[in-house]
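1. When you get a sec, could you give me coordinates for this:
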Amino acid sequence: MGEVLSQSEIDSLLQALSTGELDVEEMKDKDEKHVKNYDFARPAKFSKEHLRTLEIIFENYGRLLTTNLPVYLRKAVQVEVMSSEAVTYQEFTNALSNPVLLSLVSVSPLPGTIIIEMAENIGYAIVDRMLGGLGNPLDKTREFSEIELLILERILYTCVNLLREPWSNVCEIHPKLDRIETNSQYAQIVSPTEMIALVTLNIRIGDVEGLMNICLPYLTLESVMDRLNAKFWYSNLQEKDETVYADTIEALISRVQIPIKAVLGNSSISVDDFINLQVGDIIRLDREVEEDLNVYVGNIKKFTALPGATGNNYAVRITSVIREEQ
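-> Purely as a prediction, here's the structure:
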């Protein structure tokens, strides 16, 4: 509700209008809404909030690449998000170099396909590193050979699988590397005028630096657009039950095979006695017959036990547990 003027204020206003101190035109509402032209060729399907959330997702993805790729390349890898923008698919393909390294990835249950484009100098550096080289790119670019593509497929397969975790807060996806293309004409996943979200990462492998572009069509993200906001992303992250991770880790650890040994005793003999040992000789140990044995898990003494047998096998019966403080 607007402010109500007093009678004196109304009189002053009328007097100012009659004397010309106030202009009626200047009193018009200055908060008029300006009409903004809408470009039907570039519909605004991605808001700034959507693009910012995609940056958050791929910042997490970059950290996973930084951690996992050195295992294969045996060299330090640094990944950071450079930018995110909404462009048409035609603008993306027009900017591609030749040769190009395109990974076509299906992300079921989301429809359609996304594209991961890796700079050719990064591709050559990976091949060189995988084959035992220093990880240097070629001086002159050329087409990738079939053998080089097979080597790259292993790394790209790992990169694709790492997409699962960053997207888990938005949607449980099952990424799969469908194929690798070196010609953008064979990678027409949507119409040229379709809007896409383009996220650019900068990858540094040793001294070699290049870009990785992730092309995300609107048709693929349409069903989860309402979840692409930072508030939903962080709330979903906080709602995850950490006990699930603890149970999973505990289940994995429980199946690990560990060595365990019971030591009957120790003794020291001369090398000459050792060389002349025969069947039936007796070696005196430093432990009494009634004394408990030490049981080691790995190299750590964890139990004491009494020797025995079960069936045709030797066995020990645990008599006490040795705590860490002991």
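2. what are the ranges of the helices in this structure?
-> Using DSSP state H, the helices found in the chain span residues 7-19, 48-73, 89-94, 120-130, 146-161, 218-221, 230-239, 242-254, 271-275.
3. With residue 200 as the reference, name the closest of the ones you listed.
-> Residue 200 lies closest to helix 48-73 among these, at 9.1 Å (CB to CB). Where you see a C-beta, it was placed from the backbone N, CA and C, and this is true even at glycine.
4. tell me the angle the closest one makes with helix 120-130.
-> Angle of helix 48-73 versus helix 120-130, following axes from the mean of the first three to the mean of the last three CA atoms, to 10 degrees, is 30 degrees.
5. Counting by contacts, list what helix 48-73 packs against.
-> If you count contacts as 3 or more CB pairs under 8 Å, 6 or more residues apart in numbering; DSSP states H and E, helix 48-73 packs onto strand 77-88, helix 120-130, helix 146-161, strand 195-205, helix 230-239.
6. Could you tell me the least trusted of the ones you listed?
-> When the helices and strands packed on helix 48-73 are compared by mean pLDDT, helix 230-239 comes last with a mean of 61.
7. Residue 136 contacts residue 126, correct?
-> No - between residue 136 and residue 126 there is no contact under CB atoms under 8 Å: 11.2 Å.
8. ok, these two, which is more surrounded?
-> residue 126 (27 against 14; other CB atoms under 10 Å).
9. Quick one: neighbours of the nearest residue to residue 192 once chain neighbours are set aside, just the number.
-> Of all residues beyond its chain neighbours, the one nearest residue 192 is residue 90 (3.7 Å), with distances taken as CB to CB, 6 or more residues apart in numbering. Residue 90: 14 surrounding residues under other CB under 10 Å.
10. And the pLDDT for residue 90?
-> 88.
11. how close does it sit to residue 133?
-> Per CB to CB, to the nearest Å, residue 90 is found 37 Å from residue 133.
12. Which residues are in contact with residue 208?
-> Residue 208 makes contact with 121-122, 125, 135-137 under the criterion CB atoms under 8 Å, 6 or more residues apart in numbering.
13. Please type out the ChimeraX selection for whichever of these turn out to be buried.
-> Burial among the contacts of residue 208 is assessed by 16 or more other CB atoms under 10 Å; the matching ChimeraX selection reads:
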select :121,122,125,135,137
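14. biggest separation within the contacts of residue 208, which pair?
-> Longest span within these, CB to CB: 122 and 136, 11.8 Å.
15. Show me where the chain dips below the pLDDT cut-off.
-> 1-6, 20-44, 230-245, 324-326 (pLDDT under 70).
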